[in-house]
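Engineer: Here is a sequence together with a model predicted from it:
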Amino acid sequence: MIEFPPGLILILGALLVPFLRGPLRAIWMLALPVAAFAVLYSLPEGDHFAISAFGQQLELLRVDGLSKVFGYVFLVAIFLGVIYALHVRAVEEHVSGLIYAGAAIGAVFAGDLVTLFVYWELTAISSVFLILTRRTPEALAASMRYLIIQVGSGVLLLAGLIVIWHETGSIAFEHIGIESAGGVLILLAFGIKAAFPLLHNWLQDAYPQSTPTGTVLLSAFTTKLAIYALARGYAGTEELIWIGAIMTVFPIFFAVIENDLRRVLVYSLNNQLGFMVVGVGIGTELALNGAAAHAVTHILYKALLFMSIGAVLHRTGTALASELGGLFKSMPVTAVFCAIGSASIAAVPLFSGFVSKSMILSAAAHEGLYGVWLTMLFASAGVLVYSGIKVPYFAFFAEDSGKRPQEAPMNMLVAMALAAALCIGIGVWPSALFAILPFDVDYVPYTDSHVLSQVQLLVFSVLAFVVLLRSGLYPKQLRSINLDTDWFYLRLGRSFLQFATRAAENMHSDAYDLVVRRAKRFVEQLYRHHGPHGIIARTWPTGSMVLWVAILLVTYLALYFIDIF
Amino acid sequence: MIAAHLPALQVVIPLLAAPLCAILRRGTIAWVIAVVANWLAFAVSIGLLFRVLDEGVISYAMGGWAPPIGIEYRVDLINVFVLLVVSGVGAVIIPFARAGTAARFDSTNQAWFYTMYLLALTGLLGVTITGDAFNIFVFLEVSSLASYVMIAMGRDKRSLTAAYQYLIMGTVGATFIVIGVGLLWAMTGTLNLYDLAQRIPDIENTRPVLAALAFLTVGISLKLALFPLHLWLPNAYAYAPAVASAFLAGTATKVGIYLLLRFFFTVFGGEGFFLSTPLPEVFLVLSVVAIFAASTVAVFQNNLKRMFAYSSVAQIGFITLGISYATETGLTAALVHLMNHAIMKAGIFMLLGCVIYRLASMRIDDLAGIGRKMPFTTAGIVILGLGLLGVPGTSGFISKWWLVLAALENGQWWLVALIVIASLITMVYVGRFVEAAYFREPSEKAMNVREAPLAMLIPSYVLVAATIYLGFDTTWSVGLALDAAASLLSAAY
């Protein structure tokens, strides 16, 4: 038993990567998560690694049920991510990926808020390189916005933890709650990383700009770390149920009109996070188990989906639905893996998503939250159509784009195969997943009613999709996306939803334009006054400087004299 | 025997070394003398620290003339803290100075440069250690005159204008200080700070004393470059030789801070007096404006040295913000940041000196792609930049931590938000450097450069290491600052 933080194994190991070449580098990078996994596996529950810095006792390795689940799945994710990225030559991407994963894992085992904060910021700073290394102007701009928001989340966390330390004298990372001001600040910090509604824009902004390999890692860590932190600090906070419910629904409307398949996946990522937030908000043992289980399965199938679309992007140079289609013929293996990922996200029985999602749904029903239950059901149908069917359909089937790329490189196929195997494995033998969940599980996913209702939902939506396709209502590419929402309009009041979608879209773009315009004007103003030739920055004549001295002297004299009289 | 005369040695060693350099007129010899003198001065500071920790305040009568008639050197925790910073930063910079100075000047001018450096050091140490108000003025002029010469030796022609402006402003500041001291002398009949502290409470609301206070406030604010009296600073730092920029950024303004604390807390009577004046509010406003205005200007600068010079103005704002609270936590924050910022900013200017040494430019566009050509230099600047930002694991985090605590103690929530936003602005200008250095194709100039010589890198990395070390072990920074803050508040001297 080695009592050393697994996150630090990755971070310190990453620093060696630039000095290694060829196969040695590959072996080293694969060995790191394996070693960390072995260390983690051997650790019993408890606090194992404390250091003292600036007068505080910092717990770097608090192991319990909740942290262990996330630790395991993060290590699996980085292992898959390393395999998937083995062909990448840019060493900075490997280093930052490993540090990023190590920071996320370190944060999961943080026993106090200061350690959490340090790792929290490290995930922000290290992950930004995964976007920057794409080296396009859009990626550069997106990465700067991403960095500012992520570091902003960190400083909110810092402010909150100082308040809490000031009030209670303890920095332990336990249940926080929203009763104190510090708790609200920290919830905001977590909320940014968990992409709460209105705090979510960075997600759709930055992730699709990353490299094909970078997105796989990004999709795994930052948001799920936030879910872990919420589960630790805010379990049972009722507000989260509603926030989560909204989160499951609203990305669907944006996914409707999205052409970039990676962005579609990011919207569905956001929607899946909603399920976990609902689980945390309900806060019962079943719900928390469900949230943790869903985080695990979600990391795996979302990584699989991003890997398959990443492989397409790698081979064809685009991930736009309107440019793709018919790739099944030349990339059949990737297509199969993408379909497995889609089946998992759509929660088809015998695939991993079914097991975990039904736990959260059952937990909501158990607590009598039928409104939330219905919302989540609606969201499930939505994600099925927009992520489960749309992504594989437009990339690999649909109208033939004439593109005949090669099959994905071997290392990508291996990574996808492993992820796919895990997706199916968990779906078929859920007990293995249940064994590592934070609380004891007496939950049976495969009851008649669960399976039946899910199959109904699936069959019905697939049917609708097929009918639309066959009846010729499904024209080409971009416009087809709009038509395929018609299925919803027909079922739930066509005109209303059309209106709502348009309005939301218009409001969104109007508000966005307004903000951008305001921000531009603000920066222009700033530049006028603070720029190199602005009044504040220019070199002043000596006389004017002395004038300031005189002014200040008179001011001080006046101020001091006023006091006497 | 030597231990008894440490206070005198603190000033006398560099003071005697300076003319020695001038007489010998040989660059290498002068450099050796400067290194030895500066390291000895640092050793003396450490010796003084242990004596103060051991036996409390040390009073040393210069030349055996008993105070208050003779000049007294009086060492307590506060000024020994500043002495350590000044001589310590100098001790790291002076070995670094060799390569850059030798490349720029002929042997005679090198000797003159070291002479000026030693005089500036003498002056700054003298201001800090002396217990005599007029002596403060004298040493202030010694250090200022030497600094003007050093700045004027910069390679850019604008360094002459910058030095001239600094000369005018510095002289105005020094004159104001001497007017203030004169008024105090007229009212009390003494120049000894300890004596003044005894007599002033009885007459502190008389008009001449308040006028003296106003003159002192403005004069000292000029010296420490408190907004809006910072206007001389950006050009002076930007166009001076790298060694001078690093030394002045690390020490000169910090001694100004010391004077402010000494006059307002020790001489005029501690917490009670400071809070009875309108100064807390004025300082609060000026500090916040300094932090935001100067940080924003720094974002838009295209000359890196000017960028970090403006950043200095902003960071001084953080220090005066801490002072404006006049609480133990606030003063601790100010003193801790005084030390941390001295180390970080001196380090940044030294590493920028490495860049100039190879690249001969400070324009951010010329620095594109430098991260691949000068990896250690760039990495060092980034680490210190993260320190300015207040990233945990660097000393800057400790400063921010105490500052935020002080704001919370006063219940000023909005200030916490402002401090946080200011950190984000800092991130933008540090980010600009990172983006240019690592994510752009190398510029024509940057194509052909090599990493800086070890003789420059090693001293710079001492400060980088110190920044990280002080982020973890705060025994020396926070530990000393806490005690010093307590003695300031009670006006113990």
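Structural biologist: On my side now, so go ahead.

Engineer: Next, count neighbours for A:Phe561.
Structural biologist: 13 (other CB atoms under 10 Å in any protein chain shown). Using the backbone N, CA and C atoms, a C-beta is placed for each residue, glycine as well.

Engineer: Enumerate every residue touching it.
Structural biologist: Each residue near A:Phe561 by CB atoms under 8 Å, 6 or more residues apart in numbering or on different chains is listed here: B:207, B:210.

Engineer: Report the separation between A:Ala85 and B:Ala22.
Structural biologist: From A:Ala85 across to B:Ala22, the span is 62 Å (CB to CB, to the nearest Å).

Engineer: neighbour count winner among those two?
Structural biologist: Each of A:Ala85 and B:Ala22 has its neighbours counted (other CB under 10 Å); A:Ala85 has more, 25 against 17.

Engineer: Please name the nearest non-neighbouring residue to that one.
Structural biologist: A:Thr213 (3.9 Å; CB to CB, 6 or more residues apart in numbering or on different chains).

Engineer: Ranking helices and strands of chain B by mean pLDDT, which lands last?
Structural biologist: helix B:270-276 (a mean of 76; mean pLDDT, DSSP states H and E).

Engineer: Give the other helices and strands that whichever helix or strand comes after that helix contacts.
Structural biologist: Downstream of helix B:270-276, the first helix or strand assigned by DSSP states H and E is helix B:279-300. Judged by 3 or more CB pairs under 8 Å, 6 or more residues apart in numbering or on different chains; DSSP states H and E, helix B:279-300 is in contact with helix A:494-530, helix B:304-325, helix B:413-439.

Engineer: Centre of the chain to the helix or strand containing the residue nearest to A:Ala85, how far?
Structural biologist: Element membership for A:Thr213, per DSSP H and E: helix A:212-234. From the chain centre to the centre of helix A:212-234 is a distance of 5 Å (CA atoms, centre = their mean, to the nearest Å).

Engineer: mean confidence for it?
Structural biologist: For helix A:212-234, the mean per-residue pLDDT is 92.

Engineer: likewise stretch A:241-252?
Structural biologist: Stretch A:241-252 comes out at a mean pLDDT of 88.

Engineer: And stretch A:394-405, by the same measure?
Structural biologist: Mean predicted confidence for stretch A:394-405 is 80.

Engineer: what's in contact with it?
Structural biologist: A:261, A:308-309, A:312, A:315-316, A:321, A:323-331, A:334-335, A:338-339, A:476-477.

Engineer: before we move on, the earlier item: give the contact list for the residue nearest to A:Ala85.
Structural biologist: A:81, A:84-85, A:88, A:93, A:97, A:310.

Engineer: need those residues in TSV with pLDDT and distance to B:Leu424, can you?
Structural biologist: Formatted as TSV, these follow (pLDDT from 0 to 100; distance: CB to CB, whole Å):
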residue	pLDDT	distance to B:Leu424
A:Gly81	93	30
A:Tyr84	93	34
A:Ala85	91	31
A:Val88	86	31
A:Glu93	88	26
A:Gly97	93	26
A:Gly310	91	32
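
Engineer: ok, so of the residues you listed, who is nearest A:Ala139?
Structural biologist: Among those, A:Glu93 lies closest to A:Ala139 (CB to CB), at 12.4 Å.

Engineer: how close does that closest one sit to chain B?
Structural biologist: From A:Glu93 across to chain B, the span is 13 Å (CB to the nearest CB, to the nearest Å).

Engineer: so B:Trp112 touches B:Ile23, yeah?
Structural biologist: No - B:Trp112 is beyond contact range of B:Ile23, at 11.4 Å (criterion: CB atoms under 8 Å).

Engineer: B:Thr253 touches B:Ser221, doesn't it?
Structural biologist: No - counting by CB under 8 Å, B:Thr253 does not reach B:Ser221; the two are 10.8 Å apart.

Engineer: what about B:Gly411, which SS state?
Structural biologist: Three-state call for B:Gly411 (DSSP: H, G, I helix; E, B strand; the rest coil): coil.

Engineer: Run a quick neighbour tally on it.
Structural biologist: 7.

Engineer: Could I get the phi/psi values of it?
Structural biologist: Main-chain torsions, B:Gly411, degrees, to the nearest 10: phi 70, psi 20.

Engineer: pLDDT score for it?
Structural biologist: On the pLDDT scale, B:Gly411 gets 79.

Engineer: Could you check how far the nearest residue to A:Leu433 once chain neighbours are set aside is from chain B?
Structural biologist: Using CB to CB, 6+ apart and skipping the chain neighbours, the partner closest in space to A:Leu433 is A:Ile426 (5.0 Å). Going from A:Ile426 to chain B by CB to the nearest CB gives 37 Å.

Engineer: quick one: the helix or strand where A:Ile426 lies to chain centroid distance?
Structural biologist: Using DSSP H and E, A:Ile426 sits within helix A:410-428. Here the centre of mass of C-alpha atoms in helix A:410-428, compared against the chain's by CA atoms, centre = their mean, lies 20 Å away.

Engineer: what's that helix in contact with?
Structural biologist: Contacts of helix A:410-428 (CB under 8 Å, 6+ apart): A:76, A:80-81, A:83-87, A:296-297, A:300-301, A:303-304, A:307-308, A:310-311, A:314, A:333-334, A:336-337, A:340-341, A:343-344, A:349-355, A:407-408, A:432-433.

Engineer: which of the residues in whichever helix or strand comes after it are buried?
Structural biologist: Of the helices and strands lying after helix A:410-428 in sequence (DSSP H and E), the nearest is helix A:430-435. By neighbour count with 16 or more other CB atoms under 10 Å in any protein chain shown, helix A:430-435 contains the buried residues A:430, A:433-434.

Engineer: what does the domain assignment say about chain A?
Structural biologist: Annotated domains of chain A cover A:1-224, A:235-455, A:493-530, A:540-565 [automatic domain parsing].

Engineer: lowest-confidence stretch among those domains?
Structural biologist: domain A:493-530 (a mean of 65).

Engineer: Of the domains of chain A, which is nearest B:Pro241?
Structural biologist: domain A:540-565 (22.1 Å).

Engineer: Pull out the buried positions in the closest one.
Structural biologist: Result for domain A:540-565 [16+ other CB under 10 Å]: buried residues A:540, A:542, A:545, A:548-549, A:552-553, A:556-557, A:559-560.

Engineer: separation between the most centrally placed residue in chain A and A:Ala287?
Structural biologist: Closest residue to the average C-alpha location of chain A: A:Thr223 at 3.4 Å, with CA atoms, centre = their mean. For A:Thr223, the distance to A:Ala287 (CB to CB) stands at 18 Å.
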